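Visitor: following is a predicted model, sequence given first.
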Amino acid sequence: MHFAQYYLDCLSQASYLIGDQNSGRAVLVDPRRDIDEYLADAEAAGLRIELVIETHIHADFLSGHLEVARATGAEIAFGAAAETGFPIRRLHDGERLFLGAEPDADDVPLGTPPAGRSPGTDTPTPTSGVTLTVLATPGHTLESICLAIRENPDDDVPFGVLTGDTLFVGDVGRPDLLSAAGHSPQDMAARLHRSLHTQLLTLPDATRIFPAHGAGSACGRSISTETSSTIGDQRRLNYALQPMTEDAFVRLVTAEQPVAPGYFAHDAALNRDGHPLRDTAPSAPLTLDEALTARDERGAALLDCRPVDAYARAHLAGSLHTSLDTRFAEYAGSVVAPGTPIVLLADPGTEHEARLRLARIGYDQVLGHLPDPAAALAAAPELARRSQRLSLPDLLPRLPLDPHDPVDGGQLIDVRNPAEFAAGALPGARNIPLAALADRIDELDPARPVILYCRSGNRSMIAAALLEAHGFDQVSDVSGGYAELATAG
């Protein structure tokens, strides 16, 4: 068997290539949009990708199922409950996909042999070869599935199970993303509880689990940094799998979920309805005047993707910011509305990576890039602004003794997620998570100073740039973040 996990740190996203080395048949599960690595690895291993499977309709990234289908001719498959705008194969609970092949039967499609026969042939059901079993696991979404992998069809203990967004290492999938479609978080959480206990937790403890996400993903609230585990370890260690009633589980997993970034609904719609194939043409270099014209005449967002310190020293007035050395695409999708044209302000040589990461969340309207923002600002200093950053000694005298009192002379905003805020916050702070800030700017008074903080100083800088772009001129953020303040007591 060929098994490969592809883990993308910047989106905390995992995809999988599974193949039978005897038959050469393979499936690709939850692929990202840039697919060259999968294709190269499959060719090197002598595999043909015949099926691309989505464990569910993703919201946190734009999947590459259409790109894979175009490049390989593979069928696209979803769980049976999926409704899409393009042809799919529906995978049903209990269905088995045989990747092995009987002699002289290479043309047999992947699928469940009816009545003990391989589809379209008179040969018996395969007794050897890599086999995937579909497990319907609604809860995170209605069409969610997991895939149990066996090196041979009759193996008692599966090699592993791809758990999608149903079960993570240390967490379970969030149940609240379908609220706008009329499915309450409580109803989806109850479905999730049943899926976990009637499907995944019936597998042997030695079964390895391979989820679709790791730590940092907004698809869960406390996902581990580990990218695999076992059913047994999760049964013992995962807070959501401890003995409890269904009602207790529902209360637990619906509380304090992170705010979903603004692009989630956009990506879910594109993954469901279809989207243009990724444009691989290089980004066009623009002059400063051309960048400003794009902003003024086309409504383009000027997105500075340089490191935090470089942006803080000097940035173009009105530009937004999210650094390539953070969760660039996710944060960009929190402060730039879907469909907005974008001009990248990028250090030389980094514009391709920035454009690729934006394409991974379906932000394809990149008009070009300003090749050397620092040089452009040095030539036009009247357009440059410097960020106001506070250190620990600057902030401490302004904090109230009573946590319910306001901060001296300003509005103190914690842009971390609700669970982080609940675990400990600065006196006088209000919680407006970064992903919600663009929709809640009206709650802030632009005539009064605003002080922003997060855990380390990255999200607070992104938030400060967003407020500056909306006309706030008394904005500062705490450079060391809550982690430094908490360490200092």
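Guide: Happy to help now that I have it. Here the structure is a predicted model, which means the values were calculated and not measured.
Visitor: C-alpha only now, for contacts and for neighbours.
Guide: OK.
Visitor: so where's the stretch 51-200 of the chain shaky on pLDDT?
Guide: Applying pLDDT under 70 to the stretch 51-200 of the chain flags the ranges 102-124.
Visitor: ditto for the stretch 201-350 of the chain
Guide: Regions of the stretch 201-350 of the chain meeting the criterion pLDDT under 70 are absent.
Visitor: tell me where it has strands.
Guide: Taking DSSP state E, counting those that start in this stretch, the strands of the stretch 201-350 of the chain run over residues 208-211, 229-230, 301-304, 315-316, 320-321, 342-345.
Visitor: return the distance of the third one from the chain's centre.
Guide: Pointing back at strand 301-304 there. Remark: strand 301-304 is offset 21 Å from the chain centroid, using Cα atoms, centre = their mean, to the nearest Å.
Visitor: what of the first one?
Guide: Average the C-alpha atoms of strand 208-211, do the same for its chain, and the two points are 17 Å apart (Cα atoms, centre = their mean).
Visitor: before we move on, what about the fourth one?
Guide: Mean-position distance between strand 315-316 and its chain equals 28 Å (Cα atoms, centre = their mean).
Visitor: repeat for stretch 275-293
Guide: Remark: stretch 275-293 is offset 24 Å from the chain centroid, using Cα atoms, centre = their mean.
Visitor: picking up where we left off before, dump the strands of the stretch 201-350 of the chain to TSV, plus distance to E256 and mean neighbour count.
Guide: Supplementary listing: the strands of the stretch 201-350 of the chain in TSV, determined by distance: least, Cα to Cα, whole Å; neighbours: other Cα atoms under 10 Å:
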stretch	distance to E256	mean neighbour count
strand 208-211	22	26
strand 229-230	25	18
strand 301-304	30	26
strand 315-316	35	24
strand 320-321	27	28
strand 342-345	32	28
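Visitor: now render those strands as CSV, adding distance to Q21.
Guide: Rendered in CSV, the data for the strands of the stretch 201-350 of the chain read as follows (distance: least, Cα to Cα, whole Å):
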stretch, distance to Q21
strand 208-211, 21
strand 229-230, 25
strand 301-304, 45
strand 315-316, 53
strand 320-321, 46
strand 342-345, 43
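Visitor: between those, which one is nearest to G481?
Guide: When those are compared by Cα to Cα, strand 320-321 sits nearest G481, at 17.2 Å.
Visitor: packing partners for the closest one?
Guide: Where contact means 3 or more Cα pairs under 8 Å, 6 or more residues apart in numbering; DSSP states H and E, strand 320-321 is packed against strand 301-304, helix 458-469.
Visitor: follow-up on the earlier one: tell me which of the strands of the stretch 201-350 of the chain lies nearest to R70.
Guide: Short answer: strand 208-211, nearest of the strands of the stretch 201-350 of the chain by Cα to Cα, at 25.8 Å.
Visitor: in stretch 296-312, which residues are buried?
Guide: 300-308, 310-312 (16 or more other Cα atoms under 10 Å).
Visitor: quick one: end-to-end length of it, please.
Guide: Using Cα to Cα, to the nearest Å, one end of stretch 296-312 lies 24 Å from the other.
Visitor: hmm, who's touching it?
Guide: Stretch 296-312 has contacts (Cα atoms under 8 Å, 6 or more residues apart in numbering) with 291, 294-295, 315, 318-325, 328, 336, 340-347, 354, 386-388, 458, 461.
Visitor: how far off centre is it?
Guide: Distance of stretch 296-312 from its chain centroid, counting by Cα atoms, centre = their mean, is 22 Å.
Visitor: do stretch 471-489 as well
Guide: The answer for stretch 471-489 is 26 Å, by Cα atoms, centre = their mean.
Visitor: show residues contacting that stretch.
Guide: By Cα under 8 Å, 6+ apart, stretch 471-489 touches 387-392, 395, 425-426, 446-457, 460-461, 464, 467-468.
Visitor: nearest residue to the most centrally placed residue in the chain other than its sequence neighbours?
Guide: The structure's the chain has its C-alpha centroid closest to D60; by Cα atoms, centre = their mean the separation is 3.7 Å. Nearest in space to D60, with sequence neighbours left out and distances taken as Cα to Cα, 6 or more residues apart in numbering, is F264 at 5.4 Å.
Visitor: would you confirm that that neighbour contacts L62?
Guide: No. Taking contacts as Cα atoms under 8 Å, F264 lies outside contact range of L62: 9.5 Å.
Visitor: ok, V250 - how many residues close by?
Guide: Residues contacting V250 under the criterion other Cα atoms under 10 Å number 22.
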